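Visitor: Can you look at this prediction? I've put the sequence above it.
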Amino acid sequence: MTAYLNGQFMPLSEARISPLDRGFLYADGVYEVIPVYSRCPFRIDEHLRRMQSSLDGIRLPNPHSDDAWRAIIRRLIAAAEFADQTLYIQITRGADLRRDPTFPKGVAPTVFLFTAPLVRPTPEQRQSGVATITAQDIRWARCDLKTVALLPNVLMRQLAADAGCVETIMLRDGFLTEGSASNVFVVKDGIILAPPKDQRILPGITYDLVLELAARHGAPHAVRPVNEAELRSADELWITSSTKEVLPIATLDGQPVGHGALAGKPGPVTGQMHAWYCAFRDQVTRGAGA
Ligand SMILES: Cc1ncc(COP(=O)(O)O)c(C=O)c1O
């Protein structure tokens with residue numbers, strides 16, 4: 001029983017939705033991805049809060065209270081055979097009997113969740129960093145909403161895969177936005193820089209945690225626009241996401257990141273942030289119990 005669809009728990013292979021579902025026809029829906037460690041969902045409050053703002057952003061009423069969400073999530077996590085999981089939640093505006101863009105009346109939303117084994121970066125990726133490329137950000141003007149309209153992100157990710165890279169880093173009007181499925185941090189002269197959380201980027205849960213950890217440990221940091229020249233001359237770069245955690249970037253468009261002996265290698269600030277992240281994650285997830 002690794003899936004939940006509209007009130008029922010079931011094996012994922014048995015989950016079915018209508019072809020008239022508005023998620024399928026219009027990408028009219030939102031989603032969340034929550035990492036689960038030792039059966040403990042990490043930062044679940046923050047994920048439920050972001051899901052609420054995505055729902056508000058597309059004017060879709062939340063079908064469940066936070067307590068009801070927690071109960072569904074808890075049951076799904078408990079039923080899985082694996083302890084470390086990636087939990088996926090999707091809510092769409094449901095399936096009408098006809099195809100009409102305007103919001104349907106009296107149609108129940110589609111609520112779908114499934115859990116899968118957590119896929120984390122490999123030890124090699126952690127140790128050596130990953131290759132990335134850049135591209136122009138071709139997405140819409142509400143990238144702060146976590147909607148299932150992911151075609152631009154899919155195309156960006158495929159560009160990276162075609163180039164043998166792990167992620168595509170996007171630029172809009174000469175400024176860094178984010179990765180196709182990650183936020184991007186820049187280190188310059190010992191200062192951690194992050195682009196502001198506006199409508200051009202997803203407000204990453206890991207992004208927030210990294211800034212919290214920087215503040216807690218007194219690491220110099222600034223939230224401000226980062227231009228292309230700063231991105232390309234960074235001392236260190238890393239990406240964050242719920243499943244990638246804090247992952248060093250070794251190369252950008254084939255050029256090594258950083259300078260001197262550290263060029264193309266994960267730097268000390270990235271290493272420190274990753275260590276703070278792991279310590280926090282382990283403390284929180286172990287403390288919460290299974
Ligand atoms: C476009 C985009 N930006 C940033 C992130 C990172 O967000 P989080 O840290 O909440 O996983 C994701 C996650 O998948 C994403 O798709």
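Guide: Sure thing, it's come through.

Visitor: residues touching the closest residue to residue 75 other than its chain neighbours, list them.
Guide: The spatially closest residue to residue 75, leaving aside those adjacent along the chain, is residue 9, at 6.6 Å (Cβ to Cβ, 6 or more residues apart in numbering). (C-beta placed from N, C-alpha, C; glycine too.) Shown in contact with residue 9 (Cβ atoms under 8 Å, 6 or more residues apart in numbering): 1, 3, 75-76, 79.

Visitor: Now narrow the residues you listed to whatever sits close to the ligand.
Guide: Among these, no residue is within reach of the ligand (Cβ under 6 Å from any ligand atom).

Visitor: Spell out which parts of the stretch 1-150 of the chain neighbour the ligand.
Guide: Selection of the stretch 1-150 of the chain residues close to the ligand by Cβ under 6 Å from any ligand atom yields residue 33.

Visitor: check which helix or strand covers the residue nearest to residue 75.
Guide: In the assignment (DSSP states H and E), residue 9 maps to strand 8-10.

Visitor: Following element in sequence after that strand, please.
Guide: Moving toward the C-terminus from strand 8-10, the next helix or strand (DSSP H and E) is helix 22-26.

Visitor: so what pLDDT did the residue in the stretch 1-150 of the chain that the ligand sits nearest to get?
Guide: Nearest residue of the stretch 1-150 of the chain to the ligand: residue 33, at 5.8 Å (Cβ to the nearest ligand atom). Residue 33 is assigned 98 on the pLDDT scale.

Visitor: Quick check: it vs residue 155, distance?
Guide: Using Cβ to Cβ, to the nearest Å, we find residue 33 at a distance of 19 Å from residue 155.

Visitor: cool, residue 188 as well?
Guide: To residue 155, residue 188 is 30 Å away according to Cβ to Cβ.

Visitor: higher neighbour count, those two?
Guide: Between residue 188 and residue 155, counting by other Cβ atoms under 10 Å, residue 188 is the more crowded of the two (17 against 14).

Visitor: right, and that one touches residue 237 too?
Guide: No: between residue 188 and residue 237 there is no contact under Cβ atoms under 8 Å: 9.9 Å.

Visitor: Any idea what the nearest residue to residue 23 once chain neighbours are set aside is bridged to?
Guide: Counting by Cβ to Cβ, 6+ apart, residue 23 lies nearest to residue 92, which is 3.2 Å off, once chain neighbours are set aside. For residue 92, the beta-bridge partners under DSSP bridges are residue 29, residue 110.

Visitor: For residue 92, give me its contacts.
Guide: Contact partners of residue 92, counting by Cβ under 8 Å, 6+ apart, are 21-24, 28-29, 109-110, 112, 148.

Visitor: now swap in residue 171 and tell me
Guide: Contacts for residue 171 (Cβ under 8 Å, 6+ apart) come out as 134-137, 177, 228, 231.

Visitor: From those, list the buried ones, please.
Guide: Among the contacts of residue 171, those that count as buried by neighbour count (16 or more other Cβ atoms under 10 Å) are 134-135, 137, 177, 231.

Visitor: Now, those that are in strands?
Guide: Residues of the buried ones among the contacts of residue 171 located in strands (DSSP state E): 134-135, 177.

Visitor: Just name the closest of those to residue 141, please.
Guide: residue 177 (11.5 Å; Cβ to Cβ).

Visitor: Name all residues that make contact with that closest one.
Guide: Residue 177 sits next to 137, 143, 170-171, 195, 200-201 when contact means Cβ under 8 Å, 6+ apart.

Visitor: For the closest residue to residue 6 other than its chain neighbours, which residues are in contact?
Guide: The spatial neighbour of residue 6 that comes closest, neighbours along the chain excluded (Cβ to Cβ, 6+ apart), is residue 111 at 5.7 Å. The contact partners of residue 111, by Cβ under 8 Å, 6+ apart, come to 4-7, 63-64, 89-91.
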